[in-house]
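Student: Dropping a prediction and its sequence here:
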Amino acid sequence: MDMIPLGIPVPRDLSAGRPDVGGLVDRFGRVATDLRVSVTDRCNLRCTYCMPAEGLDWMPEDELLSTAEMSRLIGIAVAHLGIEEIRFTGGEPLLFHGLEELIGGAAELLPRPQISLTTNAIGLERRAKALAAAGLDRVNISLDTVDRATFASMTRRDRLPAVLAGIDACHAAGIGPIKVNAVLMRGVNDGGACDLLRYCIGHDIELRFIEQMPIDSDNAWAAQEMMTAEEILAALRSEFTLRPASEPRGSAPAELWTVDDSRHRVGVIASVTRPFCGDCDRVRLTADGSVRSCLFGAEEFDLRGLLRSADPEDAVDLAIAQRWREALWRKQPGHGINDPGFLHPTRPMSAIGG
Ligand code: SAM
Ligand code: SF4
């Protein structure tokens, strides 16, 4: 695909209108095949880069989709829209009681999508086996440090032992590969980056550092404060030898590096300094039934109204699929974080799904 600088794609002929195809195509030639479903906006941690300590309003109960409603939307996405991968996220998806049922339903769809989970791992110790039995293929666990005091101050909860137990339970349940996502904050947990990498290597986990994005509810993000991919790599190079890994990156957001010339890899997701919007194949569904074509987009398309209409189910499914296609057709070329007029999304990360 043609690109202008910083990973932003060049539009196709806009006057032509949306082609009559089933999949989730946009005006820039991208096709969304990876659906991120945020099953709840609630969380049992309060990571400083994501949620405020208190005072965030939850979505009203009557606006939240039921397990059956979410399953139906996922079914439409796979049957009509070419979705190949479903990732459950949140808020904290393990707080959603219908998760095993949702995963079980997704695993019965044809063609069978890849099913993954992004979680803070609290509660995984008890549920890993059931989730694996339901059909969970892969898991991404968010863990920013293996130092208990730093974990407690970053998440505002002293729950590191529960996270580590959740990781062990995933291994025992045969869920894999396990990846760990970490956000490094200057002066907070950057000094522990090498310890975290050592822990991940020791547990056969691929660690990926994510540049902190301006999507915290406290609106405290500042470009000058953020640890860039270059700084993250420099911190790791103080104790490890990193070389670019040879596997092609494709639409995967992480740039991978080999560690000490071993089979172990570490990744860096440079969403801010090296955006990969031109290769984006994602679409998001919120817990209250809205489609978002971008984490940072200003536009949302409500599907809940259609879903709850009294019209015949088949006709409603087709209408939902069409509205979903229109949402993606309007997807913007990039997230615009580096633009002077950038506006924070109206919803916090915990209500969109990371
Ligand atoms: N609660 C689950 C978890 O933490 O894995 C799922 C939802 S959380 C919003 C998904 C991912 O978003 C986590 O890996 C988290 O580190 C990341 N995240 C949250 N706020 C972020 C920010 N401001 N910048 C970069 N990543 C962020
Ligand atoms: Fe909760 Fe995940 Fe946000 Fe942390 S990053 S507050 S675990 S939703």
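Tutor: Sure, I can see it. Ligands and ions are numbered 1, 2, ... in the order given.
Student: does ligand 1 sit close to stretch 166-178?
Tutor: No - Stretch 166-178 does not reach ligand 1 (CB under 6 Å from any ligand atom); its nearest approach is 11.0 Å. In this view, the C-beta of every residue, glycine as well, is placed from N, C-alpha and C.
Student: quick one: that stretch near ligand 2?
Tutor: No - contact of stretch 166-178 with ligand 2 (CB under 6 Å from any ligand atom) is absent, the minimum separation being 12.0 Å.
Student: Equivalent analysis for stretch 270-287, please.
Tutor: No - Stretch 270-287 lies apart from ligand 2 when judged by CB under 6 Å from any ligand atom; the minimum separation is 11.9 Å.
Student: and that stretch, does that touch ligand 1?
Tutor: No - judged by CB under 6 Å from any ligand atom, stretch 270-287 stays clear of ligand 1, getting no closer than 7.1 Å.
Student: And the average pLDDT for that stretch is what?
Tutor: For stretch 270-287, mean pLDDT is 91.
Student: Quick check: Asp137 vs Cys170, distance?
Tutor: Distance, Asp137 to Cys170, by CB to CB, to the nearest Å: 12 Å.
Student: Looking at the stretch 51-200 of the chain, which residue is nearest ligand 2?
Tutor: Asn120 (3.8 Å; CB to the nearest ligand atom).
Student: burial measure for that residue, as a count.
Tutor: By other CB atoms under 10 Å, the residues close to Asn120 number 26.
Student: Likewise for Asp34?
Tutor: Residues lying near Asp34 (other CB under 10 Å) number 19.
Student: what residues are up against the residue of the stretch 51-200 of the chain closest to ligand 2?
Tutor: For Asn120, the contacting residues are Cys43, Asn44, Leu45, Glu92, Leu94, Ile141, Ser142, Leu143, Thr155, Val163, by CB atoms under 8 Å, 6 or more residues apart in numbering.
Student: Out of the residues you listed, which are close to ligand 1?
Tutor: By CB under 6 Å from any ligand atom, the members of those lying near ligand 1 are Cys43, Glu92, Ser142.
Student: now, which of those residues lie within strands?
Tutor: Ser142 (DSSP state E).
Student: any chance of the ones next to ligand 1 among the contacts of Asn120 in JSON lines, plus neighbour count, pLDDT and distance to Ala77?
Tutor: Converted to JSON lines, these look like this (neighbours: other CB atoms under 10 Å; pLDDT from 0 to 100; distance: CB to CB, whole Å):
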{"residue": "Cys43", "neighbour count": "21", "pLDDT": "96", "distance to Ala77": "25"}
{"residue": "Glu92", "neighbour count": "22", "pLDDT": "97", "distance to Ala77": "22"}
{"residue": "Ser142", "neighbour count": "22", "pLDDT": "98", "distance to Ala77": "24"}
